[in-house]
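> When you get a sec, could you give me coordinates for this:
(one chain, ligands or ions: 1)
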Amino acid sequence: MCGIVGFTGNKQAAPVLLDGLSKLEYRGYDSAGIAVRNGDKEPEIIKEKGKLKVLAEMTDYGRAVEGCCGIGHTRWATHGEPSAVNAHPHASDDLNVIAVHNGIIENYQELREKLMKHGYTFKSQTDTEVAVKLIDYYYKKYAPLPIEAIARSMVRIRGSYALCVMFKDYPGEIYCARKDSPMIIGIADGESYVASDVPAILKYTRSVYYIGNMEIAKLEKGAVTFYNIDSEVIEKPVTEIKWDAESAEKGGYEHFMLKEIHEQPKVIRDTINSVVTEGVVHFDSINLTDGEMQAIEQVYIVACGSAYHVGVAVQYVIEELTSLQVRVELASEFRYRKMTLNKKSLVIVISQSGETADTLAALREAKEQGIKTLGIVNVVGSSIAREADNVFYTLAGPEISVATTKAYSCQLVAGYLLALQFAKARNEITDEKYEALLQEIYSIPEKVERILEDKERLQWFSAKLINVSDSFFIGRGIDYAIGMEGSLKLKEISYIHSEAYAAGELKHGPISLIENGTIVIAVVTQTALTEKTVSNMVEVKSRGAKLMAVTTAGNYFLEDTAEFTCYVPKIEPMFAGSLSVIPLQLLSYYVSIGKGFDVDKPRNLAKSVTVE
Ligand code: F6R
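Presented below is the predicted three-dimensional model:
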């Protein structure tokens, strides 16, 4: 969603803001703007609809804008269409307060009316302009102190926000406030930065502070002071970012998505090694003891999008290995459902960003009901990571492409390891089987590498999908879960309509959609279910479908039915999803670039969905 960058120091701010915003482009946006202050002079506000390039050209890449303190923003429209007027920064009419904002202010209508009664007028349709004018109102009504004015506004505002504010009377200072929207602060020698995400500032500093919910920060050159909502100074620890700037660059690949697909062997291995030592899973870092695992009676897995698909696959694995009851829920449904949760449950929330609004709300709902929570999260210090009782960090590193690949794969193995440990802690698995399954999990990275080596065949097949308008993914059990992910990947980056069906469901309606030339992609790795899925493949083939199969090496008989067969190495079927998803990721990638789309930044999508 929206991206925020702020800088105060001794160098020109605008080039830093534009550079930082370019690192946040992956979040999705439709307009961009910056505001820069040059001491006591009138600030410059430049904003425009469209790509950052437009803004860069308007300002000679920032060089034409004088001043060492500024804030910048890429906007993903929520309230009001994408336009220069609605783009951020927004300012009070006398330029007393200038701000950028990420999030949604739910009661903005009510606040707008209140402000109008006090003589304020509004130029844009945004909720942000309301926040700016509310801060201005409190600043002028009470003592003209930025922290006080922001704190009073925070008490009145309902919703989510990451706000960066500049006050006319305080040149060289930036004030930040946060509630349920991501924002980090970076400090270097004589320089301070604020951004929605680490990649924006990694070039300049690795020393990062995580500003908490309902907290305020004052940035001066090279210094930051934190305050709570009562305007009291609070201390916060600094975190050193371990990954390097190159991790967030394309590193020779044409697109982030392709780079991230290729990183999968390494990041899967890193994630496994983070909890497995000498052939045993240790959850010390996660703080989950065997005793706690024994006491759990029910598991809920809650997530959105691809992370939900991970949950569906992991559900099968937990059920296969343990006697635990497992339920997988879409976070957007779970959070509003009137459901009595078993008090002896574990709610597992899965999220790459750790900021997805619905998943975060689901986590809070579970905590409110007194249920133990575990987050499987990629972004260190994210809201879910901070609020969950226990955290299993996936070590995917920064994922820039909007369509997830490497984080998805890390979440899957994290799920396998959890399932395995549940089985062990609850004495539901023999030592031999435990060791054998762990060996199988260990084999995943190398097998993924082998699939990646053979990607040219998929590129060839992808050409057949360029002109199709509909496609279907079918499978049973874990293959169905992987089909759901394959289908989402294809639709989100190539804009081809796609549905995933449990193969056994075809006869209950969807088969009527099959006609001559309809693309059907079957995932067939679950040995016990292979014959059943093959019958479904034959049924759609006899109605004219063009079939592709992703299957395990050895299932050569599938070539009698499928027009194109892609083989993945043999593995314990429970973990086959980690392999069969790779050709599907590659296929979607090649179809998208074949159609000439911006594969890393698909239309209408944002990397981190911080609003409902
Ligand atoms: C699809 C995709 C999304 C995310 C979903 C949840 O490729 O990336 O469906 O999986 O938005 O995001 P996180 O994992 O950040 O909670």
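
> make it CA atoms for all contacts and neighbour counts henceforth
Will do.

> Break the chain down into its domains, please.
3-247, 250-442, 453-612 (automatic domain parsing).

> So for the ligand, which of the ones you listed sits nearest?
Closest to the ligand of the domains of the chain is domain 250-442 (C-alpha to the nearest ligand atom; 3.2 Å).

> Show the average pLDDT along the closest one.
Average pLDDT, domain 250-442: 95.

> Could you do stretch 172-180 as well?
On average, stretch 172-180 scores 95.

> Go ahead and measure how far that stretch is from the middle of the chain.
Offset of stretch 172-180 from its chain centre (C-alpha atoms, centre = their mean, to the nearest Å): 22 Å.

> buried sites along the longest helix anywhere in the chain?
When the chain is parsed with DSSP state H, its longest helix is helix 431-453. Neighbour counts over helix 431-453 (16 or more other C-alpha atoms under 10 Å) mark 434, 437-438, 440-442, 444-449, 451-452 as buried.

> so what secondary structure elements neighbour the helix or strand where Val310 lies?
In this structure, Val310 sits in helix 305-321 according to DSSP states H and E. The contact analysis (3 or more C-alpha pairs under 8 Å, 6 or more residues apart in numbering; DSSP states H and E) places helix 305-321 against strand 298-303, strand 325-330, strand 345-351, helix 406-425, helix 478-494.

> CA-only coordinates of it, as CSV, when you get a sec.
Below are the C-alpha coordinates for helix 305-321, written out as CSV (Å, rounded to 0.1, in the frame of the first residue of the first chain):
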residue,chain,number,x,y,z
GLY,A,305,-4.1,-14.9,0.0
SER,A,306,-1.1,-17.1,-0.6
ALA,A,307,-0.4,-17.4,3.1
TYR,A,308,-3.9,-18.9,3.4
HIS,A,309,-3.0,-21.4,0.7
VAL,A,310,0.0,-22.4,2.8
GLY,A,311,-2.5,-22.9,5.7
VAL,A,312,-4.6,-25.2,3.5
ALA,A,313,-1.5,-27.3,2.6
VAL,A,314,-0.2,-27.4,6.2
GLN,A,315,-3.6,-28.5,7.5
TYR,A,316,-3.3,-31.7,5.5
VAL,A,317,0.2,-32.3,6.9
ILE,A,318,-0.8,-31.7,10.5
GLU,A,319,-3.8,-34.0,10.1
GLU,A,320,-1.5,-36.7,8.5
LEU,A,321,1.0,-36.6,11.3
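
> My guess is Ser332 contacts Leu363. True?
No: in this structure Ser332 lies outside contact range of Leu363 using C-alpha atoms under 8 Å: 11.2 Å.

> Please identify which of these two sits among more neighbours.
Neighbours per residue (other C-alpha atoms under 10 Å) separate Ser332 from Leu363, with Leu363 holding more: 29 against 18.

> Who are the packing partners of the strand or helix carrying that one?
Taking DSSP H and E as the definition, Leu363 sits inside helix 357-368. For helix 357-368, the contact count by 3+ C-alpha pairs under 8 Å, 6+ apart identifies strand 298-303, helix 331-334, strand 345-351, strand 372-377, helix 383-387 as packing neighbours.

> Packing partners of the last one?
On a contact count with 3+ C-alpha pairs under 8 Å, 6+ apart, helix 383-387 meets helix 357-368, strand 372-377.

> Same list (those) but as CSV, adding distance to Thr394.
Output for the helices and strands packed on helix 383-387, formatted as CSV (distance: least, C-alpha to C-alpha, whole Å):
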stretch, distance to Thr394
helix 357-368, 17
strand 372-377, 6
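
> Tell me which of the ones you listed is the most buried.
Most buried of the helices and strands packed on helix 383-387 by mean neighbour count (mean count of other C-alpha atoms under 10 Å) is strand 372-377; its value is a mean of 25.

> between that one and helix 357-368, how many degrees?
160 degrees (axes from the mean of the first three to the mean of the last three C-alpha atoms, to 10 degrees).

> Strand 372-377 to strand 345-351, inter-axis angle?
Using the same axes, to 10 degrees: strand 372-377 against strand 345-351 is 20 degrees.

> Now do strand 372-377 and strand 298-303, the angle between them.
40 degrees.

> Paired strands for strand 372-377, with orientation please.
strand 345-351 (parallel), strand 390-393 (parallel) (DSSP bridges).

> Other residues contacting the shortest one?
So the one you mean is strand 390-393. With C-alpha atoms under 8 Å, 6 or more residues apart in numbering as the test, strand 390-393 has contacts from 271, 285-288, 373-380, 385, 414.

> is it anywhere near the ligand?
No: judged by C-alpha under 6 Å from any ligand atom, strand 390-393 makes no contact with the ligand; its nearest approach is 12.3 Å.

> roughly how far is that strand from the heart of the chain?
16 Å.

> Give the buried residues for that strand.
Applying 16+ other C-alpha under 10 Å to strand 390-393 flags Asn390, Val391, Phe392, Tyr393 as buried.

> Next: the longest one.
Neighbour counts over strand 345-351 (16+ other C-alpha under 10 Å) mark Ser345, Leu346, Val347, Ile348, Val349, Ile350, Ser351 as buried.

> Is it correct that the fourth one is in contact with Ile371?
No: counting by C-alpha under 8 Å, Ile348 stays clear of Ile371, with 10.4 Å between them.

> From Lys47, how far out is Met214?
Distance, Met214 to Lys47, by C-alpha to C-alpha, to the nearest Å: 28 Å.

> An error on my part: the question was meant for Lys406.
According to C-alpha to C-alpha, Lys406 and Lys47 sit 34 Å apart.

> more crowded one of those two?
When Lys406 and Lys47 are compared for neighbours, Lys406 comes out ahead with 29 against 26, by other C-alpha under 10 Å.

> Quick check: residues of the protein near the ligand?
304-307, 351-354, 356, 402-404, 489, 608-609.

> ok, now with 5 Å
Cys304, Gly305, Ser306, Ala307, Ser351, Gln352, Ser353, Thr356, Ala403, Thr404 (C-alpha under 5 Å from any ligand atom).
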